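[1] Just the structure for this:
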Amino acid sequence: PGNCWAFKGHQGQVVIRLPARVYLTAITVQHITKEASPSGTVISAPKDIAVFVSLLDPSGGDVALGGDREEETLLGMFTYNVEKDPMQTFPLKNMLLPRAFSHVKLLVKSNWGNPWYTCIYRVKVHGKMENQKD
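    Numbers count the residues shown, from 1 in each chain. Predicted structure coming up:
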């Protein structure tokens, strides 16, 4: 407990640079359980989350998401449920974009009630590397 990526407030975002270009299929978000929390609550857990990719990443270069002139595509919006398993996997709508990406943006839109900060313990990106054989 406490060994998390914390950001101020209830909204924040992170861009994850993947080690290779990946055809994205799902994303997993993890937080701690109420039982593991020293306060007995998990109000710092993320609640509403959106996942984006940049369309201006054709070469797989170091194009970070979030620039003013970038086009982003939403691959999924989901709710992390603190009453369920602490590790939750959500499928992404990659069939809209049948191509690989080198960056993915996780946008946390709200948390479970903590006004000061939000914590994320782990994010896993699932998919198939572009150069991987079937």
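[2] For the protein, give me the ranges with low pLDDT.
    56-70, 94-97, 133-134 (pLDDT under 70).
[3] rerun at 90
    Applying pLDDT under 90 to the chain flags residues 1-2, 54-73, 93-99, 130-134.
[4] Scan it for its longest strand.
    strand 12-30 (DSSP state E).
[5] Now do the same for Leu107: helix, strand or coil?
    Here Leu107 is recorded as strand under DSSP: H, G, I helix; E, B strand; the rest coil.
[6] Could you give me the buried positions within the longest strand of the chain?
    Gly12, Leu18, Arg21, Val22, Tyr23, Leu24, Ala26, Ile27, Val29, Gln30 (16 or more other CB atoms under 10 Å). The way it works is simple: take the backbone N, C-alpha and C, and place the C-beta from them, glycine included.
[7] distance of the fifth one from Arg99?
    By that I understand Tyr23. Remark: distance between Tyr23 and Arg99 (CB to CB, to the nearest Å) = 7 Å.
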